[in-house]
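Asks: Build me a model:
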Amino acid sequence: METPSNQIVNNSNNNNPNPNIPHYTLNDRIMNIYNSIPLFVFFIICITLFFYIIDLIIFSISFYISNIVLYTIFSFHIWRLITTVFMTTSILNILFAMISWVKNASSLENSMGTIKYMLIFFMNSILIQIIYCLILLIGYLISRNKNILTLNLTNGKVENSGLWPIIMAELTLLCMSNPESNIRLFFFPCEIKAKFYPFILFFIFLLLNFFEIDFGVLSGIIYGLLYHFFFRNSLQIPDKLVQKIEKSFIGNFLGNFKKFIPCKNNINVGIENIINTLKDVKNNKKFFPFKGEGIKVGGSYGTKERENDRIKQNNSPVN
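Replies: Numbering: from 1, shown residues only. Okay, the predicted model is just below:
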């Protein structure tokens, strides 16, 4: 028996004035979404869901891969700086993180290539976690309260933000790129300046967490600000390094996957590149001024055409 929604779809197809327009089923839409996600973003989704499910079965997995400062620094568990981004201990956090991150991340990977985006992703994630460790370490040195080093560990249960720190870092960079623009605050009928948006969002998270600070999210915002004001020119991944990795065993292995995107050289679309291009044109001795007559754009006659019309009128017989 067909559901009412299916009956509506079928009736609309039968009465479709243009049957040449293809009808997309739910399965088609799911496949389109799947095909639009590049390799590394798809890997992040799979590994995040994998660790979440494993954590439900093996309760201690989050304890060993999350960034718990007491073990990361004092026990020298350096791998936690890398693996913590994969561990999200709340399914709601995973859903909202995927909604907020997948589309923009897919666009970035499509524009710069799989390996380059992968390197940038891990570089940003590790630096954010280092900032997180430094914040808690400074708090510990000031207060001498050892519990600060295990803030995300309560009664043996880990609360880890996963992708949210890097999402907040990318959001901060996006807002600071055009700080005076207006952004609507969720579904509220008001707009705020982009430069205030990350801080208001952090305050909303603070309210939802009953005024418990999420230092992972805070570290993401701090990293975004530091990158925007200080490290924009120094923290770059050169294309030569990416291309060298693509030619290595790792690049050859990843290149076998259909979703892999090779490195794309930088395209001159930025303001700085346009300015540099204009300087090159100005300094190039091979450019000469155009000496032709030209054509006036807009549908009206040029000077030569008007002169020809005047001569014809003077030579025409008078009635």
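
Asks: now Ile128: how far from Ser248?
Replies: Distance, Ile128 to Ser248, by CB to CB, to the nearest Å: 27 Å. For glycine as for every other residue, the C-beta is placed from the backbone atoms N, C-alpha and C.

Asks: Equivalent analysis for Asn256, please.
Replies: Counting by CB to CB, the gap from Asn256 to Ser248 is 14 Å.

Asks: More neighbours: which of the two?
Replies: A direct count of neighbours by other CB atoms under 10 Å for Asn256 and Ser248 places Ser248 higher, at 11 against 7.

Asks: Now that one. Its backbone dihedrals?
Replies: When read as degrees, to the nearest 10, the backbone of Ser248 gives phi -80, psi -180.

Asks: Can you tell me the element Cys133 falls in?
Replies: helix 114-143 (DSSP states H and E).

Asks: Which elements pack onto that helix?
Replies: Helices and strands touching helix 114-143, by 3 or more CB pairs under 8 Å, 6 or more residues apart in numbering; DSSP states H and E, are helix 39-57, helix 69-74, helix 80-83, helix 91-112, helix 164-177, helix 215-226, helix 239-246, helix 249-254.

Asks: Tabulate those (TSV), appending mean pLDDT and mean neighbour count.
Replies: Converted to TSV, the helices and strands packed on helix 114-143 look like this (pLDDT from 0 to 100; neighbours: other CB atoms under 10 Å):
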stretch	mean pLDDT	mean neighbour count
helix 39-57	92	17
helix 69-74	92	18
helix 80-83	94	18
helix 91-112	87	16
helix 164-177	89	22
helix 215-226	92	22
helix 239-246	88	16
helix 249-254	88	13
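
Asks: closest one to Lys157 among these?
Replies: Among the helices and strands packed on helix 114-143, helix 39-57 comes nearest to Lys157, with 10.2 Å by CB to CB.

Asks: roughly how far out does that closest one sit from the chain middle?
Replies: On the basis of CA atoms, centre = their mean, to the nearest Å, helix 39-57 sits 19 Å off its chain's mean C-alpha point.

Asks: Compute the inter-axis angle for the helix holding Cys133 and helix 164-177.
Replies: Helix 114-143 and helix 164-177 are oriented at 100 degrees to each other (axes from the mean of the first three to the mean of the last three CA atoms, to 10 degrees).
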